[in-house]
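Participant: I would like the atomic coordinates for the input below:
(one chain, ligands or ions: 4)
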Amino acid sequence: MSNYFNTLTLREKLEQLGKCRFMDASEFEDGVSALKGKKIVIVGCGAQGLNQGLNMRDSGLDISYALRQAAIDQKRQSFKNATSNDFKVGNYEDLIPSADLVLNLTPDKQHTNAVNTVMPLMKKGATLSYSHGFNIVEEGMKIRKDLTVIMVAPKCPGSEVREEYKRGFGVPTLIAVHPENDPENKGWEQAKAYAVGTGGDRAGVLASSFVAEVKSDLMGEQTILCGLLQTGAILSFDKMVEKGIEPGYAAKLIQYGWETVTEALKHGGITNMMDRLSNPAKVEAFRISEELKDIMRPLFQKHMDDIMTGHFSKTMMEDWANDDVNLLKWRAATGETAFEKQEITSDEISEQEYFDHGTLLVAFVRAGVELAFEAMTESGIIEASAYYESLHETPLIANTIARMKLAEMNRVISDTAEYGCYLFDHACKPLLTDFMKTVDTNIIGKKFTDSNEVDNQELIRINSIIRNHPVEKVGAKLRASMTAMKVIKSA
Ligand SMILES: NC(=O)C1=CN([C@@H]2O[C@H](COP(=O)(O)OP(=O)(O)OC[C@H]3O[C@@H](n4cnc5c(N)ncnc54)[C@H](OP(=O)(O)O)[C@@H]3O)[C@@H](O)[C@H]2O)C=CC1
Ligand SMILES: CC(=O)[C@](C)(O)C(=O)O
Ligand SMILES: [Mg+2]
Ligand SMILES: [Mg+2]
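Facilitator: Numbers count the residues shown, from 1 in each chain. Ligands and ions are numbered 1, 2, ... in the order given. Predicted coordinates for the structure are as follows:
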């Protein structure tokens with residue numbers, strides 16, 4: 001097996017990277033009918049497996065779980081997840097041969113192994129599905145020619161896939177059909193029905209490609225979504241403690257601060273998030289975020305380049321082959337950080353105080369979202385995809401930090417995302433050493449200033465730069481269509 005992306009010609013690479021079409025609601029009018037009555041078997045019952053299955057069953061589909069015999073015998077978490085939710089569970093021999101659609105929702109590092117075990121048992125003409133294209137794109141997995149290969153990739157953690165569905169909504173989703181495996185021309189119909197089953201169609205579906213999904217997904221999770229939130233959390237916490245802010249307060253300001261400031265981002269983009277600051281604090285946050293962008297731009301570009309060349313996946317796969325030595329070491333080290341161990345105060349922090357005392361957090365988010373968006377679009381990823389992978393998903397990841405700090409984020413995201421998150425964090429912290437020396441409690445921990453004096457011309461100039469960034473333009477369009485979909489639903 002070899003890297004599939006690297007076997008493509010430049011023309012083919014650009015064509016695949018540029019696949020991104022926002023699908024119209026009318027394209028989902030057939031609902032789940034292409035999968036109605038079909039036997040859908042999910043392999044793996046973890047973060048995505050359980051939550052996608054719950055949604056699809058509620059949408060009227062026939063779901064069961066194929067688990068490894070050992071997981072059944074030992075009643076492992078996957079077995080408990082499935083049986084406690086009254087799903088039918090069996091081993092591969094029991095369930096795979098009669099499956100019309102097999103959803104491979106095992107961790108990426110297990111895909112080659114899992115697919116090689118499952119594929120010989122699959123009936124002729126069945127469909128194999130992924131929620132992340134790593135195995136196909138980075139490992140070059142070849143699938144039997146009679147099988148259809150599709151992808152339905154929710155742009156968020158598994159826990160939020162379920163929460164959004166229960167709210168009557170869904171999460172933006174990328175769908176794709178592997179061009180090498182669509183012998184009966186049924187891939188798109190099935191992928192669309194699957195996206196309706198998980199509720200994704202209510203939030204927005206992009207007709208994408210395996211290539212575009214993998215390259216953008218890896219970039220988002222390593223940089224703004226997980227990596228930068230981790231780096232920003234640790235550095236901001238340490239700085240506050242060093243400057244005498246009460247540690248319990250500092251930890252709470254970070255744990256819930258990301259969630260609070262990115263909630264404003266979710267509703268009205270960077271413009272609205274920055275507007276929640278006082279005018280002088282906004283001017284300062286803008287200045288700092290410009291500085292942060294200059295410092296971190298080379299690192300964001302390096303992550304994008306290493307993802308494109310296959311260097312990232314090659315080195316991560318070396319760690320897989322080495323029993324995850326680095327992943328496990330880095331996970332343990334994260335658990336030992338002062339931020340992670342600090343108990344938070346029970347004192348209340350008002351919503352506005354998170355902004356007023358968190359100027360630096362806002363600056364980190366603006367810098368990270370814009371840099372990730374810019375690095376992706378400069379490399380051929382289309383804007384809507386880049387928006388979902390940078391701005392849209394940041395609040396969903398911030399929600400996991402609010403629940404139980406970085407440990408919870410790193411537990412819920414995939415192992416692939418977690419590995420890339422640590423990689424970025426370890427490179428980013430030293431880059432910011434000099435910058436952090438300039439940081440004081442006026443931008444993290446306390447209010448920037450009590451005055452509201454500001455230069456009109458300066459404010460106008462800054463507002464215009466913020467509002468005219470391409471992520472704001474595409475964001476306004478995509479958010480408008482999400483609201484529209486919600487309205488249709490409740491009518
Ligand atoms: N985590 C997330 O939020 C997101 C994940 N994805 C993608 O979804 C896929 C699944 O990831 P995720 O949900 O994080 O995975 P998890 O680690 O949460 O779950 C993995 C499940 O697979 C089972 N499993 C592990 N190894 C094997 C194996 N060799 N053979 C069969 N089953 C195995 C485990 O059960 P047991 O060990 O008990 O057998 C467990 O139930 C990945 O492709 C990931 O990139 C996409 C978007 C977001
Ligand atoms: C949650 C998600 O979409 C990630 C970050 O891509 C992942 O967990 O792999
Ligand atoms: Mg993702
Ligand atoms: Mg991912």
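
Participant: contacts only, for the residue sitting nearest the centre point of the chain.
Facilitator: Closest to where the C-alpha atoms of the chain average out (CA atoms, centre = their mean) is residue 156, at 4.6 Å. By CB atoms under 8 Å, 6 or more residues apart in numbering, the contact list for residue 156 reads 164, 171, 172, 393, 396, 397. Where C-beta positions appear, they are placed from N, C-alpha and C, glycine not excepted.

Participant: surely the fifth one is in contact with residue 171?
Facilitator: Right, the one you point to is residue 396. Yes - using CB atoms under 8 Å, residue 396 is in contact with residue 171, at 7.4 Å.

Participant: tell me, what's touching these two both at once?
Facilitator: Contact criterion CB under 8 Å, 6+ apart; residues shared by residue 396 and residue 171: 156, 160.

Participant: quick one: the strands in the stretch 151-300 of the chain?
Facilitator: In the stretch 151-300 of the chain, the segments counted as strands under DSSP state E, counting those that start in this stretch are 173-177, 205-207.

Participant: pull up the residues of the stretch 351-491 of the chain that are close to ligand 4.
Facilitator: Residues of the stretch 351-491 of the chain lying close to ligand 4 by CB under 5 Å from the ion are 414, 417.

Participant: show me the shaky parts of the stretch 351-491 of the chain.
Facilitator: The stretch 351-491 of the chain contains residues with pLDDT under 70 at 483-491.

Participant: what's the neighbour count on residue 135?
Facilitator: Neighbours of residue 135 under the rule other CB atoms under 10 Å: 24.

Participant: over to residue 116?
Facilitator: 10.

Participant: just residue 101 next, same as before
Facilitator: Residues near residue 101, counting by other CB under 10 Å, number 24.

Participant: these two touch, right, it and residue 36?
Facilitator: No - at 11.6 Å, residue 101 does not count as touching residue 36 under the criterion of CB under 8 Å.

Participant: doesn't residue 460 belong to a strand?
Facilitator: No - the assignment for residue 460 (DSSP: H, G, I helix; E, B strand; the rest coil) gives helix, which keeps it out of a strand.

Participant: quick one: contacts for it?
Facilitator: Under the criterion of CB under 8 Å, 6+ apart, residue 460 has no neighbours.

Participant: and whichever residue of the stretch 301-450 of the chain sits closest to ligand 4, how far from residue 188?
Facilitator: In the stretch 301-450 of the chain, the residue that lies nearest ligand 4 is residue 417 (4.5 Å; CB to the ion). Using CB to CB, to the nearest Å, one gets 27 Å for the distance from residue 417 to residue 188.

Participant: who has more neighbours out of these two?
Facilitator: Applying other CB under 10 Å to residue 417 and residue 188 shows that residue 417 carries more neighbours, namely 23 against 18.

Participant: same for the host helix or strand of that one, what does it pack against?
Facilitator: Assessed by DSSP states H and E, residue 417 sits inside helix 415-431. Other elements packing on helix 415-431 under the criterion 3 or more CB pairs under 8 Å, 6 or more residues apart in numbering; DSSP states H and E are helix 229-242, helix 279-309, helix 311-321, helix 325-335.

Participant: let's see 10 Å
Facilitator: helix 210-220, helix 229-242, helix 279-309, helix 311-321, helix 325-335, helix 394-412 (3 or more CB pairs under 10 Å, 6 or more residues apart in numbering; DSSP states H and E).

Participant: for the second one, buried residues please.
Facilitator: It refers to helix 229-242. 229-241 (16 or more other CB atoms under 10 Å).

Participant: what's the closest of those residues to ligand 2?
Facilitator: residue 229 (11.1 Å; CB to the nearest ligand atom).

Participant: so residue 351 makes contact with residue 358?
Facilitator: No - judged on CB atoms under 10 Å, residue 351 makes no contact with residue 358 at a distance of 11.0 Å.

Participant: what do those two both touch?
Facilitator: Listed contacts common to residue 351 and residue 358 are 256, 260, 261, 276; contacts here mean CB atoms under 10 Å, 6 or more residues apart in numbering.

Participant: what's the burial count for the first one?
Facilitator: A count of nearby residues for residue 256, using other CB under 10 Å, gives 18.

Participant: re earlier: wait, does the helix holding residue 417 contact ligand 2?
Facilitator: Yes - among the residues of helix 415-431, 416, 417 lie within reach of ligand 2 under CB under 6 Å from any ligand atom.

Participant: quick check, that helix touching ligand 1?
Facilitator: Yes - against ligand 1, helix 415-431 shows contacts by CB under 6 Å from any ligand atom at residue 416.

Participant: and the next element down the chain from that helix?
Facilitator: helix 433-437.

Participant: list the residues that contact residue 179.
Facilitator: 12, 15, 16, 19, 149, 187, 209, 210, 211.

Participant: ok, now how distant is it from residue 185?
Facilitator: 12 Å.

Participant: so what's the residue in the stretch 151-300 of the chain that ligand 2 sits nearest to closest to, chain neighbours aside?
Facilitator: When scored by CB to the nearest ligand atom, the stretch 151-300 of the chain has residue 221 as its residue closest to ligand 2, at 3.7 Å. Spatial nearest neighbour of residue 221, excluding adjacent residues (CB to CB, 6 or more residues apart in numbering): residue 417 at 3.8 Å.
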